[in-house]
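Visitor: Starting from these lines, generate the structure:
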Amino acid sequence: MSLWDERAAANEALFRSVNEQVRHLAGRHYGALEPTGFVCECADDSCTERIHVSLEIYEVVREHPRHFLVVNGHEDHEIEKLVDSGAGFAIVEKEGDAAQVAEETDPRA
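Guide: The predicted model follows:
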């Protein structure tokens, strides 16, 4: 794995951990269908975009440790494939070395 790939995977894992905290707080205050603002989990460490999805959609993403929630267009086709998309968001699945890092850093494991 290249240094860039390692940094990208670390950024994605960090954003996913932040979103787990957002999910925890939102679960206390909103219903499962209310939109919640999550951080884009793309590899770009300068990305500050938010994705507004329901907790229900977020939970679908978190069911698989290789899946990440990104803004439409933030997919990196070299290390991930598109699984699903909706209004303003995409669900991607990491492949190769990135998949292994995703599984090792899964906060729900």
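
Visitor: Run through who's touching stretch 72-80.
Guide: 5, 8, 40, 42-44, 47, 49, 68, 82, 85, 88-90, 92-98 (CB atoms under 8 Å, 6 or more residues apart in numbering). Where C-beta positions appear, they are placed from N, C-alpha and C, glycine not excepted.

Visitor: Can you say which of those are buried?
Guide: Those of the contacts of stretch 72-80 that meet the buried threshold are 5, 8, 40, 42-44, 47, 68, 89-90, 92-94, 98, by 16 or more other CB atoms under 10 Å.

Visitor: can you tell me which of those residues are in strands?
Guide: Taking DSSP state E as the definition of strands, the buried ones among the contacts of stretch 72-80 contribute 68, 89-90, 92-94.

Visitor: Any chance of CSV for those residues, columns distance to Glu20 and pLDDT?
Guide: Formatted as CSV, these follow (distance: CB to CB, whole Å; pLDDT from 0 to 100):
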residue, distance to Glu20, pLDDT
Phe68, 12, 96
Phe89, 17, 97
Ala90, 19, 97
Val92, 17, 97
Glu93, 18, 96
Lys94, 17, 93
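
Visitor: residue boundaries of the helices in this protein?
Guide: Here the chain has its helices, by DSSP state H, at 3-29, 55-62, 96-104.

Visitor: and stretch 55-73, which residues are buried?
Guide: Residues of stretch 55-73 classed as buried: 55, 57-58, 60-62, 65-71 (neighbour count, 16+ other CB under 10 Å).

Visitor: Show me how far stretch 4-16 is from its chain's centre.
Guide: 10 Å (CA atoms, centre = their mean, to the nearest Å).

Visitor: which residues touch that stretch?
Guide: Outside of stretch 4-16, the residues within contact range by CB under 8 Å, 6+ apart are 1, 39-45, 68, 76, 79, 94, 97-98, 101-102, 105-107.

Visitor: now with 7 Å?
Guide: 39-41, 43, 45, 68, 79, 97-98, 101, 105, 107 (CB atoms under 7 Å, 6 or more residues apart in numbering).

Visitor: which pair in these spans the largest distance?
Guide: Pairwise distances across those (CB to CB) peak at 23.0 Å, for the pair Val39 and Asp97.
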